[in-house]
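>>> What follows is a predicted structure for the sequence shown.
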Amino acid sequence: MIHNPVVGHRQGMIAGGVADTLADAPAVSDRSRLRAMVDEHFDFTWRALRRLGLPAGEADDAAQRVFVVASRRLASIEPHCERAFLFQTAVRVACTERRTIARRREVLSDEPVEHEDPAPAPDELVDQRRARELLERVLASLDLDLRAVLVLFEFEELTIDEIAKTVGIPRGTAASRLRRAREDFSAALRRLQAQQRGGR
């Protein structure tokens, strides 16, 4: 995965804020473990929240909430299971946030485009924005359980075994959800593309 400097800046700010939640914790090891979790898994958690349907601005706050939950549950998170815990928490946080966004009647496509240097040409930006909006609309049409598996496989490049462990489901269930997610994704993509062609 290519490191995003914008996300890296957010990670630094959020890591500091989350680490402050354990400032009064008696165990230095807890603060160190939390900081290591943020450093190692922030990008993954933030991307997951974005792919689970949150706009960038909402993903910042949601990522902080995920790590605050982790700070409170630190003692119950088994070593080497941090990413699984964070993803499962991110799914719950994203679900709650999406309901809140829906109540506010915000539309993902109204989100401003983030520009990174070197800036693409204007026509490339338009194409990229259209492609991103189409992807987000297709992903938004999927059930959250299917979407989570598809995001982990296609965007995070996890294996079926890693997905099963991360989501906390049997391997066979992960494989069947991925098959169904791909089928639903293809069907939704065809529908939206047909609607776009019909609207021209």
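All right, it came through fine. Residues are numbered from 1 along each chain as shown.
>>> okay, CA-based contacts and neighbour counts for the rest of this
OK.
>>> Where does the residue nearest to Thr173 when sequence neighbours are not counted sit: helix, strand or coil?
Closest residue in space to Thr173, ignoring its immediate chain neighbours: Ala164 at 7.8 Å, by CA to CA, 6 or more residues apart in numbering. Each residue gets one of three states, and Ala164 gets helix by DSSP: H, G, I helix; E, B strand; the rest coil.
>>> can you pull the contacts of the residue nearest the centre of the chain?
Of all residues in the chain, the one closest to the mean position by CA atoms, centre = their mean is Ala48, 1.5 Å from it. Under the criterion of CA atoms under 8 Å, 6 or more residues apart in numbering, the contact partners of Ala48 comprise Phe87, Ala90, Val151, Leu152.
>>> can you list those residues in CSV and add secondary structure and distance to Arg179?
Compiled in CSV, the contacts of Ala48 are given as follows (DSSP: H, G, I helix; E, B strand; the rest coil; distance: CA to CA, whole Å):
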residue, secondary structure, distance to Arg179
Phe87, helix, 20
Ala90, helix, 23
Val151, helix, 13
Leu152, helix, 13
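>>> between those residues, which is nearest Val138?
Using CA to CA, the shortest approach to Val138 within the contacts of Ala48 belongs to Val151, at 12.0 Å.
>>> count of neighbours near Ala187?
12 (other CA atoms under 10 Å).
>>> To clarify, my last question referred to Glu40.
For Glu40, using other CA under 10 Å, the count is 13.
>>> Please tell me how far it sits from Gln195.
Counting by CA to CA, to the nearest Å, the gap between Glu40 and Gln195 amounts to 41 Å.
>>> got it, and Ala63?
Counting by CA to CA, the separation of Ala63 from Gln195 is 34 Å.
>>> and if you look at Thr166?
As judged by CA to CA, Thr166 and Gln195 stand 36 Å apart.
>>> In the lengthiest helix in the chain, which residues are buried?
As far as residue count goes, and with DSSP state H defining each element, the longest helix of the chain is helix 171-198. Neighbour-count burial for helix 171-198, with 16 or more other CA atoms under 10 Å as criterion, is recorded at Ala174, Ala175, Arg177, Leu178, Arg180, Ala181, Arg182, Asp184, Phe185, Ala188, Leu189.
>>> Which member of these is positioned nearest Glu78?
Comparing the buried residues of helix 171-198 against Glu78 with CA to CA picks out Ala174 as the nearest, at 21.7 Å.
>>> Export only the CA atoms of the strand or helix carrying Glu124, formatted as PDB.
The secondary structure element spanning Glu124 is helix 122-140 (assigned by DSSP states H and E). The C-alpha trace of helix 122-140 is given here as PDB (Å, rounded to 0.1, in the frame of the first residue of the first chain):
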ATOM      1  CA  PRO A 122      -8.200  18.600 -14.700                       C
ATOM      2  CA  ASP A 123      -9.700  16.000 -17.000                       C
ATOM      3  CA  GLU A 124      -8.000  13.300 -15.000                       C
ATOM      4  CA  LEU A 125      -9.400  14.600 -11.800                       C
ATOM      5  CA  VAL A 126     -12.900  14.600 -13.300                       C
ATOM      6  CA  ASP A 127     -12.400  11.000 -14.400                       C
ATOM      7  CA  GLN A 128     -11.000   9.900 -11.000                       C
ATOM      8  CA  ARG A 129     -13.800  11.600  -9.200                       C
ATOM      9  CA  ARG A 130     -16.400   9.900 -11.400                       C
ATOM     10  CA  ALA A 131     -14.700   6.500 -10.900                       C
ATOM     11  CA  ARG A 132     -14.500   7.000  -7.100                       C
ATOM     12  CA  GLU A 133     -18.100   8.100  -6.900                       C
ATOM     13  CA  LEU A 134     -19.200   5.100  -8.900                       C
ATOM     14  CA  LEU A 135     -17.200   2.800  -6.700                       C
ATOM     15  CA  GLU A 136     -18.600   4.300  -3.600                       C
ATOM     16  CA  ARG A 137     -22.200   4.000  -4.900                       C
ATOM     17  CA  VAL A 138     -21.700   0.300  -5.800                       C
ATOM     18  CA  LEU A 139     -20.100  -0.500  -2.500                       C
ATOM     19  CA  ALA A 140     -22.800   1.400  -0.600                       C
END
